[in-house]
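A.B. asks: My questions concern the predicted model and sequence given below.
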Amino acid sequence: MTSRFLFTSESVTDGHPDRLCDSISDAVVDRFLQKDPYSRIVAECALSKNVLFLAARFATQANIDIPQVARAVMGEVGYREQDFDAANCSVLTSLIAMPQEQRAQADERDLSPAELDRLTVHSQVSVFGYACRQTPELMPLPISMANRLANGLTRARQQRRLGYLSPDCTVQVGIEYHDNRPARVASITIVAGSVAGRPVDGAELRAHLLADVIQPLFADDPIQPDAASEIFVNPRGAFPKSGPGSHSGMTGRKTAADTYGAYARHSGSALSGKDPSRVDRVGAYMARYAAKNVVAAGLAEECEVQLSYAIGHAGPISVRVQSFGSGTIADADIGTRLREAFDFRLGAIIRDFDLRHLPARHRPGFYQQLPIRGHMGHADLPWERTDRADSLR
């Protein structure tokens, strides 16, 4: 990577159709695991105008009203009926009930190491985790700022400070790097829709966003917008229509925003809508956990961990580390320490993060909140702990 460059990451608010599909898919996962933590469930959906199509495949002892779960999530987002009618839109489903024998047959917390070896993955995938020193949460600065800005827009709407905002907004943050380190905020772009019947002047919207969202959000940051930062608000004009009424959505189309804002690699697989037995989801969390502990231990300024899984194996067939020249020891030595300090087997990931039982301890759910907040970078998530840093030093 060159020493001087500009990098931009995108995030969206909770009412963006893609994000809404992610939230619905994860809400379905939550409900199944709350009723039966040993369920297997994969769910995904597509949304356009007044139709939601939801496909799910599951093995469970629970009885879940899947369309009602979807309507509840859509209703909570806050669209007005004129923009999107969650209560009366069509919900089409394609549901496949698998045999009960395909449920998890034991609690991973009770299994011996030999028994965990017999819990093999059902898909082949290479997943990536990344961490760096750009922010306190060890995330790249562009996606960290973009996610905070998107969440700030949502709060401003929910708290009625900017009640005319649509639940569907998109943001981009561009960061200028000098010597591979964040130096300044180069640009902020906000595409903000307005609710039906509430047109707002472009200059008024810009002034409100600056005063109520952007300036308070970044006021205490060491790097924040300056006089030369370009701030664009609806650069192509007003957006009187937004949300599912104007564009469609689908589960898994915001994976870059879910992870590292395209600053670092990710597996490309959707994270949402999958129970903990899916290594293409939980393996990405484990890779982030490993990378973050490497950086927290001071072994590198930035670190990427790649885990490659193959069908029929309990753990990864390869573990690869890259520190991009920032490591204090060789990348191969960091990899050796990771294999000694971490258990990358699927059953161990489920056990150590307690992934089957988190939905029961969070209301309305655990997984449902991840697409809205971002799957990475929040201290209360189990894969964001740095409790293995001492053992890596």
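C.D. replies: Now that the structure is in, tell me what you want to look at.

A.B. asks: buried residues in the worst-scoring helix or strand of the chain on mean pLDDT?
C.D. replies: None of the helices or strands of the chain scores lower by mean pLDDT, DSSP states H and E than helix 202-209, at a mean of 90. Under the neighbour-count criterion of 16 or more other CB atoms under 10 Å, helix 202-209 has 205-206, 208-209 buried. From N, CA and C alone the C-beta is placed, and that goes for glycine too.

A.B. asks: Which one of these is nearest to Ser242?
C.D. replies: For the buried residues of helix 202-209, the closest approach to Ser242 (CB to CB) belongs to Leu205, at 13.2 Å.

A.B. asks: The closest one against Asn234, yeah?
C.D. replies: Yes. Counting by CB atoms under 8 Å, Leu205 does reach Asn234; the two are 6.9 Å apart.

A.B. asks: residues shared between the contacts of the two?
C.D. replies: Both Leu205 and Asn234 are contacted by Ala192, under the criterion CB atoms under 8 Å, 6 or more residues apart in numbering.

A.B. asks: how about low-confidence regions in the stretch 251-393 of the chain?
C.D. replies: Residue ranges of the stretch 251-393 of the chain with pLDDT under 70: none are present.

A.B. asks: Where do the helices of it begin and end?
C.D. replies: Listed in chain order, the helices of the stretch 251-393 of the chain (DSSP state H, counting those that start in this stretch) span 255-258, 279-296, 331-341, 346-353, 358-361, 370-373, 389-392.

A.B. asks: helices or strands up against the last one?
C.D. replies: Contacts of helix 389-392 with other secondary structure elements, assessed using 3 or more CB pairs under 8 Å, 6 or more residues apart in numbering; DSSP states H and E, are made with helix 279-296, helix 331-341.

A.B. asks: Tell me how far the shortest one lies from the chain's centre.
C.D. replies: Put simply, helix 331-341 sits 27 Å off its chain's centre (CA atoms, centre = their mean, to the nearest Å).

A.B. asks: so what's the closest residue to Gly312 other than its chain neighbours up against?
C.D. replies: Leaving aside its chain neighbours, Gly312 sits nearest to Thr120 (5.1 Å; criterion: CB to CB, 6 or more residues apart in numbering). Counting by CB under 8 Å, 6+ apart, Thr120 makes contact with 311-314, 346.

A.B. asks: which SS state does Thr120 fall under?
C.D. replies: Put simply, Thr120 is coil when judged by DSSP: H, G, I helix; E, B strand; the rest coil.

A.B. asks: And it, what's its pLDDT?
C.D. replies: We have a pLDDT of 95 for Thr120.

A.B. asks: now it: how far from Ile41?
C.D. replies: Look at Thr120 and Ile41: by CB to CB, to the nearest Å, they are 19 Å apart.

A.B. asks: where does the stretch 101-250 of the chain have low pLDDT?
C.D. replies: Across the stretch 101-250 of the chain, the ranges flagged by pLDDT under 70 are 196-199, 238-241.

A.B. asks: can you pull out the helices in it?
C.D. replies: 113-117, 141-158, 202-209, 215-218.

A.B. asks: Could I get the ones you listed in CSV, plus columns for distance to Met286?
C.D. replies: Shown next, in CSV, are the helices of the stretch 101-250 of the chain (distance: least, CB to CB, whole Å):
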stretch, distance to Met286
helix 113-117, 14
helix 141-158, 20
helix 202-209, 38
helix 215-218, 31
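
A.B. asks: Out of the ones you listed, flag the one nearest Ala360.
C.D. replies: Nearest to Ala360 among the helices of the stretch 101-250 of the chain is helix 113-117 (22.3 Å), distances taken as CB to CB.

A.B. asks: Check which residues of the closest one are buried.
C.D. replies: Within helix 113-117, the residues scored as buried using 16+ other CB under 10 Å are Leu116.

A.B. asks: hmm, who's touching that helix?
C.D. replies: 106, 108, 314, 345, 347-348, 351.

A.B. asks: Pull the distance from that helix to the chain's centre.
C.D. replies: Distance, stretch centre to chain centre, for helix 113-117: 30 Å (CA atoms, centre = their mean).

A.B. asks: All further residue positions should be reported with the first residue as 33.
C.D. replies: Understood, numbering begins at 33; the last thing we discussed is helix 145-149.

A.B. asks: quick one: Glu334 from Ser358, how far?
C.D. replies: Going from Glu334 to Ser358 by CB to CB gives 5 Å.

A.B. asks: What count of nearby residues applies to Arg72?
C.D. replies: Using other CB atoms under 10 Å, Arg72 has 20 neighbouring residues.

A.B. asks: OK, contacts around the closest residue to it other than its chain neighbours?
C.D. replies: Nearest residue to Arg72 in three dimensions, chain neighbours excluded: Ala91, at 4.6 Å (CB to CB, 6+ apart). Contacts of Ala91 were listed using CB under 8 Å, 6+ apart, and they are 71-73, 129-135.

A.B. asks: Quick check: of those, which lies closest to Met171?
C.D. replies: Using CB to CB, the contacts of Ala91 come closest to Met171 at Ile73, 28.8 Å.
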